[in-house]
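Asker: Whatever this is, show me its structure:
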Amino acid sequence: MRGFFLARFFLNDKLKKRILKENFYDGKKKRLKLENIIRCDWCTTKENMIRYHDVEWGTPSGDDRHHFEHIVLEIFQAGLSWQTILNKRDNFRRAFMNFQPEKIAGFSGKDIERLLLDSGIIRNKMKIGASINNAGKFLEVVQEFGSFVNFIKSFRPQKQIVYEKLTEVPASTPESEVMSKELKSRGFKFVGSTGCYAYMQSVGLVNDHYETCFRFHEINRLQKEIYPI
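Answerer: Residues are numbered from 1 along each chain as shown. Okay, the predicted model is just below:
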């Protein structure tokens, strides 16, 4: 997994495919190699969930678009399973212009109608509206701080808490509470503390991989590089 150590980490599709092929896939059967790899035990037998855990979940990213994607996906995940979102992720990327906030901020009423007719995504008018609103607010933060990452990295906890099983992992933390209040004060919508914590987990602002997981120590190193305290 040495290919993960990039100056400003963001996995494009080509790099993801290479890492998966080199580390997790049988070249003939295209199946995940599960042997001799210790993962967090919440990974299901679903291949896309295992891939998400192994390649993306909890990985710090210096790419604003990637952060915005996860903010939007967390909005739509509310009340649903993450597996449902993963299954529809490619459809969301198509429908939401690859999560480019500058394009989404300009969505019109016709775009909302288009999204409400798109059976490939979650057709919830309030969540669609919140995503469009948040795109504009996201760009305001970028204008103020130079990048969204410059703003959001301040919410990385000063002290790391290590968990050994899923029941120990909280739904929210004091840091996610502060993040939620700050985002709401800036006009963001659908950014409750629980959703903020899930976002923090997904983009590596916290490292909730178990200490025994093969990704744990790698994530710690990347955190120091991309979200320095």
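
Asker: what residues go with each domain of this structure?
Answerer: Domain ranges of the chain: 2-60+210-226, 64-202, per automatic domain parsing.

Asker: would you list the ones you listed in a markdown table and tack on mean neighbour count and mean pLDDT?
Answerer: Every residue, glycine included, has its C-beta placed from N, CA and C. Formatted as a markdown table, the domains of the chain follow (neighbours: other C-beta atoms under 10 Å; pLDDT from 0 to 100):
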| stretch | mean neighbour count | mean pLDDT |
| --- | --- | --- |
| domain 2-60+210-226 | 14 | 70 |
| domain 64-202 | 17 | 97 |
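
Asker: just the helices in this structure please.
Answerer: Ranges of helices in the chain, per DSSP state H, are 13-23, 47-55, 64-77, 82-95, 101-104, 109-116, 125-145, 148-152, 174-185, 193-202, 216-226.

Asker: what angle sits between the third one and helix 82-95?
Answerer: Here helix 64-77 runs at an angle of 130 degrees relative to helix 82-95 (axes from the mean of the first three to the mean of the last three C-alpha atoms, to 10 degrees).

Asker: Residues contacting helix 64-77, please?
Answerer: 10, 61, 84-85, 89, 92-93, 96, 98-101, 121-122, 124, 127, 130-131, 134-135, 138, 142, 147-149, 152, 190-191, 195-196, 198-199, 202-203 (C-beta atoms under 8 Å, 6 or more residues apart in numbering).

Asker: Please repeat the previous calculation with a cut-off of 6 Å.
Answerer: 10, 85, 99, 101, 122, 127, 130-131, 138, 147-148, 190, 195, 198-199, 202-203 (C-beta atoms under 6 Å, 6 or more residues apart in numbering).

Asker: same check, this time on stretch 85-100
Answerer: Contact with stretch 85-100 is made by 48, 52, 65, 68-69, 73, 77, 103-104, 115, 118, 120-121, as judged by C-beta under 6 Å, 6+ apart.

Asker: Same question for stretch 155-163.
Answerer: By C-beta under 6 Å, 6+ apart, stretch 155-163 touches Val169, Glu175, Met179, Leu205, Glu211, Tyr227.

Asker: ok, so of those residues, who is nearest Asp111?
Answerer: Lowest distance from Asp111 to these (C-beta to C-beta) belongs to Met179, with 28.1 Å.

Asker: list the contacts for the closest one?
Answerer: Phe155, Cys196.

Asker: Tell me the spacing between it and Val191.
Answerer: Met179 is 8 Å from Val191, where distance means C-beta to C-beta, to the nearest Å.

Asker: about what we covered before: columns distance to Gln160 on top of the helices of the chain, output as JSON lines?
Answerer: Below are the helices of the chain laid out as JSON lines (distance: least, C-beta to C-beta, whole Å):
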{"stretch": "helix 13-23", "distance to Gln160": "25"}
{"stretch": "helix 47-55", "distance to Gln160": "19"}
{"stretch": "helix 64-77", "distance to Gln160": "20"}
{"stretch": "helix 82-95", "distance to Gln160": "23"}
{"stretch": "helix 101-104", "distance to Gln160": "30"}
{"stretch": "helix 109-116", "distance to Gln160": "39"}
{"stretch": "helix 125-145", "distance to Gln160": "24"}
{"stretch": "helix 148-152", "distance to Gln160": "17"}
{"stretch": "helix 174-185", "distance to Gln160": "12"}
{"stretch": "helix 193-202", "distance to Gln160": "12"}
{"stretch": "helix 216-226", "distance to Gln160": "8"}
